[in-house]
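> Predicted model and sequence below, questions to follow.
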Amino acid sequence: MTHEEKSSMRRPIGVWLVSAFYLLSAGWTLLSFALIFGGAIKITAAQEAYFASLSGVDWFFSLAIGVVGFSAAVCLFLLRRVALALFPIALALNLAFTAVHVMRTNWAEALGGAGLVGALFGWLILVAVIVYTRRLAKRGGALLRWPNNVMQRTALRTAADAGRYTAEDARARL
């Protein structure tokens with residue numbers, strides 16, 4: 001691997017920050033649920049009523065939204081282009097699911113003022129991550145390439161070295 005290929009594979013600091021944020025958020029969420037359902041943290045009557053109102057479908061979609069968001073962060077860390085689609089899907093699912101919960105349950109009451117601000121802040125962060133991911137993709141280079149790009153370059157270079165392509169043909173095929 002040439003120096004150019006090695007330097008082009010470095011992750012920008014923003015990718016590290018987004019990945020760390022999602023890792024910490026996922027860990028905090030799991031810890032919070034464990035503490036709540038383990039009885040270590042007292043919850044308000046409104047929160048208790050909210051959790052009691054959730055069905056199996058609600059829990060499934062909550063988990064699915066979390067998995068989509070975490071998968072998007074992993075794909076961004078791996079510099080995979082699919083992150084461009086997964087982050088907006090996570091935001092759309094989150095907003096739609098929240099709208100359903102606002103209409104069907106006591107979601108706003110259970111969250112309280114600080115929780116509502118936190119939810120809004122989380123959506124704004126997700127919008128910022130979507131904008132950042134799109135900018136990375138537009139910038140090009142090694143960022144957000146398809147997974148086989150380095151392997152493809154190596155195969156084309158090998159074919160060019162073997163005389164099947166000229167070096168210019170190999171570059172044009174990338």
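That came in fine, so what should we check first?
> Could I get the phi/psi values of residue 131?
phi -60, psi -50 (degrees, to the nearest 10).
> residues near it, how many?
11 (other CB atoms under 10 Å). Backbone N, C-alpha and C define where each C-beta goes, glycine included.
> so what pLDDT did it get?
At residue 131, the model reports a pLDDT of 95.
> now residue 43, what's its secondary structure?
coil (DSSP: H, G, I helix; E, B strand; the rest coil).
> Check which helices and strands whichever strand or helix holds residue 63 sits against.
Take DSSP states H and E as the rule and residue 63 turns out to sit in helix 56-77. Other elements packing on helix 56-77 under the criterion 3 or more CB pairs under 8 Å, 6 or more residues apart in numbering; DSSP states H and E are helix 13-37, helix 83-104, helix 107-139.
> at 7 Å what do you get?
Contact partners of helix 56-77 among helices and strands, from 3 or more CB pairs under 7 Å, 6 or more residues apart in numbering; DSSP states H and E: helix 13-37, helix 83-104.
> most tightly surrounded among these?
Neighbour counts (mean count of other CB atoms under 10 Å) averaged over each of the helices and strands packed on helix 56-77 peak at helix 83-104, with a mean of 16.
> Mind listing residues that contact that helix?
With contacts defined as CB atoms under 7 Å, 6 or more residues apart in numbering, helix 83-104 is touched by 61, 65, 68-69, 71-72, 75-76, 107-108, 123, 126-127, 129-130, 133-134, 137, 144.
> Can I get that helix in PDB, CA atoms only?
These are the backbone C-alpha positions of helix 83-104, laid out as PDB (Å, rounded to 0.1, in the frame of the first residue of the first chain):
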ATOM      1  CA  ALA A  83     -24.100   5.700   6.300                       C
ATOM      2  CA  LEU A  84     -25.500   8.400   3.900                       C
ATOM      3  CA  ALA A  85     -28.800   6.600   3.800                       C
ATOM      4  CA  LEU A  86     -28.900   5.200   7.400                       C
ATOM      5  CA  PHE A  87     -28.600   8.500   9.300                       C
ATOM      6  CA  PRO A  88     -31.600  10.100   7.600                       C
ATOM      7  CA  ILE A  89     -33.600   6.900   8.000                       C
ATOM      8  CA  ALA A  90     -32.800   6.900  11.700                       C
ATOM      9  CA  LEU A  91     -34.000  10.500  12.000                       C
ATOM     10  CA  ALA A  92     -37.200   9.900  10.000                       C
ATOM     11  CA  LEU A  93     -38.100   6.800  12.100                       C
ATOM     12  CA  ASN A  94     -37.300   8.700  15.300                       C
ATOM     13  CA  LEU A  95     -39.500  11.700  14.400                       C
ATOM     14  CA  ALA A  96     -42.300   9.500  13.200                       C
ATOM     15  CA  PHE A  97     -42.200   7.200  16.300                       C
ATOM     16  CA  THR A  98     -42.100  10.200  18.600                       C
ATOM     17  CA  ALA A  99     -45.100  11.700  16.900                       C
ATOM     18  CA  VAL A 100     -47.000   8.500  17.400                       C
ATOM     19  CA  HIS A 101     -46.000   8.400  21.000                       C
ATOM     20  CA  VAL A 102     -46.900  12.100  21.600                       C
ATOM     21  CA  MET A 103     -50.400  11.300  20.300                       C
ATOM     22  CA  ARG A 104     -50.900   7.900  21.900                       C
END
